[in-house]
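Undergrad: Requesting a structural model of the entry that follows:
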Amino acid sequence: MNTIQLVWKNLSRQFGSVFLSILLTAFGISILAVLSITGETFEKQLDNNSKNIDLVVGAKGSPLQLILSSVYHIDNPTGNIPLDELEPLRQNPLVQLAVPLSLGDNFKGHRIVGTDSSFLSIYETSVAEGRIWQSNFEVVIGDQVAKKQQLKIGDQIHSSHGLSKDGHHHDKHPFTVVGILRHNNNVTDNLILTNLESVWDVHGIAHKHEHQETAVEKELRERQEDREETLKAHLHHHGEDIAENSSAPAKTNEKGHQEQEDHHEHAEEGMFVKSIGADMVKQNGLEITAILIKYQSPAAIGILPKLIDQQTDMQAASPAMESTRLFSLLGVGIDSLSILAYVIMFIAGLSVFINLYNALKQRKYDLAIMRTLGASKGKLFAIVLLEGLTITILGGLIGLIMAHLALYYISNQTSQSADFIEAFTLHPKELIFLFVACLIGIFAALIPAIKAYRTSISGTLSNK
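TA: Numbering: from 1, shown residues only. Predicted coordinates:
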């Protein structure tokens, strides 16, 4: 019987205690692997997704929610802002790039983003197959969307209302796939891009290229035109009266003064109506969800956010600051779970040590017989050491399998637009975890192995 067979036979004799040691090792390794892989991947995605975005402008609310919804696409937006706010920001000398976003629909969990071609610039991506959208209801999809949903150029998709795939389907407005983005290792891989007009059309929001006149605006405009016509006719009529009565200076002055007052009253009334109309036009204008901004120079860091927060009804949030705050909050939980994993690993090593030590007491006579049959001290040492290694290596392998199953479950629970975990990809750190498991097995079996090495043949057999 060779050494491997002896090791396996010895472990099978104490299946209950060995299984417990394997399970403890597996749990410790799996927790460490899940925390390490998700933490590293999450931090990498935070950097990739916000690399060129210095500021996000959106509706008042939680800055973190604004960042999560507009940059990482894993939360609901804080609200909408007027489209009219986009152009002033683009004209600002502190701004290099201002990208509009309009959210509200999805396709099987993948968010549909209304934007313009500057979106591709800020994420440093391009179309790998097909072309960019050129008219309404044309979409460019990320490469992961194409793979997961098995889509190709020319296919049609129907969006669902809201940011959940269970929302109401917009069956009347199918989108046509005209392009597929190259793999970019960020959130664009899981997004569906189209123009702003398509998002408005799906939700029945009237618009032209710049602005569509609503019924209220039309009524106000017509009323204003009627008042202006009446005012012109009134002034023309009284102007003729003034010319006919030019021989009465005092009366003319009095009448002229009266006409001037009437003119001011009508003008003020016209301006009042026009002011109301302008306000209502602004209130009924087109809206977007957020604006992604890239600074022209570092000087904008201390100026632009304060300018937006103090002088507009919008808020400005920094992805770098909010991401750091988010990761610091998550870091507390990750550190706590890591400590728990290390404690479990320590208990697993202690369990291996106790199992081997107790088994050695029961096998002293067997070891002495092996020595009499020609087994060397080194072989006895190696057998016990291999037993410890076998337990922890099995635990480590099972733990890694459990970790990948947990990662697969986590990836299925997250939004398709934020699916960044590659559940069945081997990560370099996993080899380190296996090496740690081997070290635990070696240290746990070291004392029992030394004891087996020092086994006295005569003393053991005489005491039997």
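Undergrad: next SSE after the lowest-mean-pLDDT helix or strand in the chain?
TA: In the chain, the helix or strand scored least confidently by mean pLDDT, DSSP states H and E is helix 249-283, which has a mean of 44. Downstream of helix 249-283, the first helix or strand assigned by DSSP states H and E is strand 287-288.
Undergrad: Name every strand pairing with that following strand and say which way it goes.
TA: strand 81-82 (antiparallel) (DSSP bridges).
Undergrad: Which other helices and strands does whatever helix or strand comes next after the strand it pairs with contact?
TA: Once strand 81-82 ends, the next helix or strand along the chain (criterion: DSSP H and E) is helix 86-91. Other elements packing on helix 86-91 under the criterion 3 or more Cβ pairs under 8 Å, 6 or more residues apart in numbering; DSSP states H and E are strand 95-107, strand 290-295. The C-beta positions use only the backbone N, C-alpha and C, and glycine is treated the same way.
Undergrad: where's helix 86-91 relative to the chain centroid, distance-wise?
TA: From the chain centre to the centre of helix 86-91 is a distance of 26 Å (Cα atoms, centre = their mean, to the nearest Å).
Undergrad: who's in contact with that helix?
TA: Helix 86-91 has contacts (Cβ atoms under 8 Å, 6 or more residues apart in numbering) with 57, 95, 98, 100, 288, 291, 293.
Undergrad: pretty sure Leu360 is touching Tyr453, no?
TA: No - contact status for Leu360 versus Tyr453: not in contact, 10.8 Å apart, counting by Cβ atoms under 8 Å.
Undergrad: More neighbours: which of the two?
TA: Leu360 (22 against 17; other Cβ atoms under 10 Å).
Undergrad: so the more buried one, which of the three states?
TA: Three-state assignment for Leu360 (DSSP: H, G, I helix; E, B strand; the rest coil): helix.
Undergrad: who are the neighbours in contact with the residue nearest the centre of the chain?
TA: By Cα atoms, centre = their mean, the chain has its centre lying nearest to Tyr72, at 2.8 Å. Listed by Cβ under 8 Å, 6+ apart, the contact partners of Tyr72 are 45-46, 49, 187, 418.
Undergrad: export those to CSV and tack on neighbour count?
TA: What follows is the contacts of Tyr72, written out as CSV (neighbours: other Cβ atoms under 10 Å):
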residue, neighbour count
Gln45, 18
Leu46, 22
Asn49, 23
Val187, 24
Ala418, 20
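Undergrad: Which members of those occur in helices, if any?
TA: Secondary structure from DSSP state H places 45-46, 49 of the contacts of Tyr72 in helices.
Undergrad: check which helix or strand covers Val113.
TA: Per DSSP H and E: strand 110-115 holds Val113.
Undergrad: what's the next secondary structure element after that strand?
TA: Beyond strand 110-115 in the direction of the C-terminus, DSSP H and E gives the next helix or strand as helix 118-122.
Undergrad: hmm, who's touching that following helix?
TA: Counting by Cβ under 8 Å, 6+ apart, 52-53, 97-99, 101, 113, 126-127, 132, 181, 193, 292, 294 sit against helix 118-122.
Undergrad: change it to 6 Å
TA: 52, 97, 99, 292, 294 (Cβ atoms under 6 Å, 6 or more residues apart in numbering).
Undergrad: Quick one: mean pLDDT for it?
TA: The average pLDDT for helix 118-122 rounds to 93.
Undergrad: Quick check: what element follows it along the chain?
TA: That would be, after helix 118-122 and using DSSP H and E, strand 127-130.
Undergrad: Give me the mean pLDDT for that next one.
TA: pLDDT averaged over strand 127-130 gives 92.
Undergrad: Okay, now the sheet partners of that strand, with direction.
TA: strand 175-181 (antiparallel).
Undergrad: and the angle for the partner strand with strand 110-115?
TA: Angle of strand 175-181 versus strand 110-115, following axes from the mean of the first three to the mean of the last three Cα atoms, to 10 degrees, is 90 degrees.
Undergrad: Put the alpha carbons of strand 175-181 into CSV.
TA: In CSV, the C-alpha atoms belonging to strand 175-181 read as follows (Å, rounded to 0.1, in the frame of the first residue of the first chain):
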residue,chain,number,x,y,z
PHE,A,175,-36.1,50.1,-31.2
THR,A,176,-33.8,48.9,-33.9
VAL,A,177,-30.2,47.8,-33.2
VAL,A,178,-27.9,49.7,-35.5
GLY,A,179,-24.6,49.4,-33.7
ILE,A,180,-22.6,47.3,-31.1
LEU,A,181,-20.0,49.0,-28.9
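Undergrad: What average pLDDT does that strand get?
TA: Strand 175-181 comes out with an average pLDDT of 94.
Undergrad: chain center to that strand, what's the gap?
TA: 22 Å.
Undergrad: Please apply the same query to stretch 353-369.
TA: Distance, centroid of stretch 353-369 to centroid of chain: 55 Å (Cα atoms, centre = their mean).
Undergrad: tell me the contacts of the closest residue to Pro305 other than its chain neighbours?
TA: In space, Pro305 comes closest to Ala316 once its chain neighbours are excluded; the distance is 4.1 Å by Cβ to Cβ, 6 or more residues apart in numbering. Applying Cβ under 6 Å, 6+ apart to Ala316 gives the contacts 55, 57, 305, 308-309.
Undergrad: and those residues, which are buried?
TA: Buried members of those, counted by 16 or more other Cβ atoms under 10 Å: 55, 57, 305, 308.
Undergrad: Which one of the residues you listed is nearest to Phe443?
TA: Leu55 (52.0 Å; Cβ to Cβ).
Undergrad: Hmm, that closest one is touching Ile293, no?
TA: Yes - counting by Cβ atoms under 6 Å, Leu55 does reach Ile293; the two are 4.2 Å apart.
Undergrad: Just the pLDDT for Lys60.
TA: So Lys60 comes in at 92 (pLDDT).
Undergrad: got it, and the one 3 residues further on?
TA: Per-residue pLDDT puts Pro63 at 92.
Undergrad: got a list of what it touches?
TA: Residues in contact with Pro63, defined by Cβ under 6 Å, 6+ apart, are 317, 322.
Undergrad: and the two most separated of the contacts of helix 86-91?
TA: By the measure Cβ to Cβ, Val95 and Ile288 form the most distant pair in these, at 15.9 Å.
Undergrad: of these two, who's got more company?
TA: Ile288 (24 against 20).
Undergrad: what sits opposite the more buried one in the beta ladder?
TA: With DSSP bridges as the rule, Ile288 is bridged to Ile81.
Undergrad: That one touches Glu85, doesn't it?
TA: No - here Ile288 does not reach Glu85: they are 8.4 Å apart, not a contact under Cβ under 6 Å.
Undergrad: Right, I'll leave it there.
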